[in-house]
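A.B. asks: Build me a model from this:
(2 chains)
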Amino acid sequence: MLRVEARHPLGALEIDVELTVERGECLALAGPSGAGKTSVLRVAAGLLRPEHGRVEANGETWLDTERGIDLPPEQRRAGYVFQHYALFPHLSAWQNVAYPVRGLKPERRARAIGLLERFGLADRADARPHTLSGGERQRVAVARALAREPDVLLLDEPLSALDARTRAAAARELGGVLRESEAPTLLVTHDFAEAAQLGDRVGIVDQGRIVQLGTASELAAAPRSAFVADFTGAVVLTGVASPGPQGGTRVELDGGGTVTSTDAAEGVVAVSVYPWEITIEAAEEEPHGSAENRLAAEVLSITVVGSRARLGLAGPQPLVAEITLASAERLGLKAGVMVTATWKAAATRVVAA
Amino acid sequence: MTRAGLTRAAWFPALLGLCLAAALTFLTLPVVAIFVNSSPGQLIDSLGEPGALDALWLSLRTTAASIAIILLVGTPAAYLLATRSFRGKAVAVTLIELPLVLPPAVAGIALLAAVGPSGILGGTIEALGIELSLTTASVVVALTFVASPFYVRQAMAAFTAVDRTLLEASRTLGVSEALGFLRVMIPVALPGLAAGTALALGRALGEFGATLMFAGSFRGITQTVPLAIYDRFSTDFDSALALSAVLVAVSAAILLSVKLVRGGEALGSAPR
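C.D. replies: Numbering: from 1, shown residues only, chains lettered A, B, ... in the order given. The predicted structure follows:
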């Protein structure tokens, strides 16, 4: 188990974090850059000493500012994967992995080769870091962190240095490694999708605080604030809520238009809906079906992502919708076309703005 | 393009070329002249005489000793200056660089005033049983004083250029800062450290003024090659020429090795 408590001023913001990661669990801290996520990792590793804080791992106290305990990084068994991997440029891949291993050279080499094999890198053992690809470097960095047999794993943006094409494969592989590992893992990312994929639980970090903690689907289904909704990828619209018919809520949107939600709320609010919940109809089509929310919008942009089309829409407020490429073609969508964006009141979350 | 336009466009490159040619001629002619004036046979003959070989041997010994001291003390000092910030750091750096701009004769006088027999620390040094007046040890002191800033400055720059997360990574991998310094910082900064060593080596080998003032010029004891050249040039010009040729060869070898080491500098910075 890993427990981290830290209060520390960091430039304009104050880090104030308290978290627990169970054995075998991966907690992903997700938030925009500059939110203080990396500082939490640095506190856990002993690279940053907070004004007030406590770090416990496997029942051992690594840091307790009250009691004046502060183990140096080299005495904390924490495997740290740095954002840019920090591989030693003068050492080969196997020598990097063997760096934390004590003993005679043949043993150290055997141990390193064993780990590299697990990551499918045995044939790159003698390569220097600058000749490795981004994905290979990332795997060497993870192997090196594991070579220490750490009590906890700390990963700082482990995928952000990779290009989009290698990222998906690297994420799958890292997910497998994390599931196998028994060490409590704290991972930091600015990408909610990555956090959802790698973390058993996700903590959304804003301004040095964890503003909401839960499974990725809990966060997406019930964001507690507009910030969380926006960060999880939802469309966020602002307006003023008042009680509607049959226990629902009517929200008069800023800029015009009305939407309804099954959530209860009053006053100034943020309305959120996921892009994939929004369907697109031709503007002249008569309302039909069960979707209660209908907003007229102009297509601004169409971005193709695999078999999906991501539409940028200009309504009373900007909207994003995701539909299949086939539907986009059937509707003859292109920039400048007027459409109606519709979605169900039940898929509409209302949270305090 | 018109003819006038061509001339107007060409005068500046021509000027640049002319300046380079002048600089090259001025800088290489004296060096070339040393070899033109002394035939290989003469060179070997003059080296054969005992005084010349003594001077060469003394130069190598004292330079090696002072470089060893500079590396042992200067490397950790440069690392500290490069990796920590503290009050008065700028002052410390300036003080370390001061001997760079000090005239060698002033350096010699300063050393006499500090650690000479009647200097402020003279008594203490005598009490420690170290004989610093007109001995080979005093040559080492003079060389170290004059040459060390060249190394420390370069080593500081080399350590500053190393990605700080490498040392942090080393610590999170269970290796203390002291061991990480040996296993990561020094190897990664090595091209810069080697360049600094070569600069200090060149300076120590050619040291003249401070050595003459502080250690004197006694054959076999304090007379290094530059002092031996000065000692002979009025009486035995050929032998002075021969010794000069040897120094030129050694210096050129040092310069060349720096250039070769610099070729491997790509290692110095971590991939970003």
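
A.B. asks: Which parts of the top helix by length along chain A count as buried, going by neighbours?
C.D. replies: Ranked by residue count, the top helix of chain A under DSSP state H comes out as helix A:164-180. If you call a residue buried by 16 or more other Cβ atoms under 10 Å in any protein chain shown, then helix A:164-180 has these buried ones: A:166, A:167, A:170, A:171, A:173, A:174, A:177, A:178. Just so you know, the C-beta spots here come from the backbone N, C-alpha and C atoms, and that holds for glycine as well.

A.B. asks: Could you do stretch A:313-326 as well?
C.D. replies: A:313, A:315, A:316, A:317, A:319, A:320, A:321, A:322, A:323.

A.B. asks: State the three-state secondary structure for the first one.
C.D. replies: For residue A:313, the secondary-structure state derived from DSSP: H, G, I helix; E, B strand; the rest coil is strand.

A.B. asks: secondary structure class for the residue nearest to residue A:293 when sequence neighbours are not counted?
C.D. replies: Once its chain neighbours are removed from consideration, residue A:293 has its nearest residue in residue A:259; the separation is 4.4 Å (Cβ to Cβ, 6 or more residues apart in numbering or on different chains). When states are read from three-state DSSP, the local structure at residue A:259 comes out as strand.

A.B. asks: So which of the buried residues of helix A:164-180 is the closest to chain B?
C.D. replies: For chain B, the closest of these turns out to be residue A:166, at 15.4 Å, with distances computed as Cβ to the nearest Cβ.

A.B. asks: Now do residue A:341: how many residues are near it, please.
C.D. replies: The number of residues packed around residue A:341, counting by other Cβ atoms under 10 Å in any protein chain shown, is 22.

A.B. asks: could you check the distance from residue A:97 over to chain B?
C.D. replies: In this view, residue A:97 and chain B are 10 Å apart by Cβ to the nearest Cβ, to the nearest Å.

A.B. asks: Tell me how far the residue nearest to that residue when sequence neighbours are not counted lies from residue A:105.
C.D. replies: When the adjacent residues along the chain are set aside, residue A:97 lies closest to residue A:112, with 3.9 Å between them (Cβ to Cβ, 6+ apart). Applying Cβ to Cβ, to the nearest Å, one obtains 10 Å for the distance of residue A:112 from residue A:105.

A.B. asks: mind giving me the domain ranges of chain A?
C.D. replies: Each domain of chain A is listed here as a residue range: A:2-226, A:234-352, per automatic domain parsing.

A.B. asks: and residue B:176, how many neighbours?
C.D. replies: By the other Cβ under 10 Å criterion, the neighbourhood of residue B:176 contains 13 residues.

A.B. asks: Quick check: residue A:202 touching residue A:215?
C.D. replies: Yes: using Cβ atoms under 8 Å, residue A:202 and residue A:215 qualify as a contacting pair, with a distance of 7.0 Å.

A.B. asks: burial of the nearest residue to residue B:81 once chain neighbours are set aside, as a residue count?
C.D. replies: Distances taken as Cβ to Cβ, 6+ apart put residue B:156 closest to residue B:81, at 5.1 Å, once the chain neighbours are dropped. Per other Cβ under 10 Å, the neighbour tally for residue B:156 reads 24.

A.B. asks: before we move on, back to that, list the helices and strands the longest helix of chain A packs on?
C.D. replies: Based on contacts counted as 3 or more Cβ pairs under 8 Å, 6 or more residues apart in numbering or on different chains; DSSP states H and E, the elements that helix A:164-180 packs against are helix A:134-147, helix A:192-198.

A.B. asks: SS state for residue A:250?
C.D. replies: Secondary structure of residue A:250, reduced to three states by three-state DSSP: strand.

A.B. asks: how close does the nearest residue to it once chain neighbours are set aside sit to residue B:182?
C.D. replies: On the basis of Cβ to Cβ, 6+ apart, the spatially nearest residue to residue A:250 that is not a chain neighbour turns out to be residue A:244, at 3.7 Å. With distances defined as Cβ to Cβ, the gap from residue A:244 to residue B:182 amounts to 72 Å.

A.B. asks: neighbour-wise, which of these two wins?
C.D. replies: Between residue A:244 and residue B:182, counted using other Cβ under 10 Å, the more crowded position is residue A:244 (17 against 10).

A.B. asks: State the helix or strand in which residue A:309 lies.
C.D. replies: Residue A:309 belongs to strand A:308-314 when elements are defined using DSSP states H and E.

A.B. asks: oh, I was asking about residue B:140
C.D. replies: Assigned by DSSP H and E, residue B:140 belongs to helix B:136-161.

A.B. asks: Let me see the mean pLDDT of that helix.
C.D. replies: Helix B:136-161 shows an average pLDDT of 95 in the prediction.
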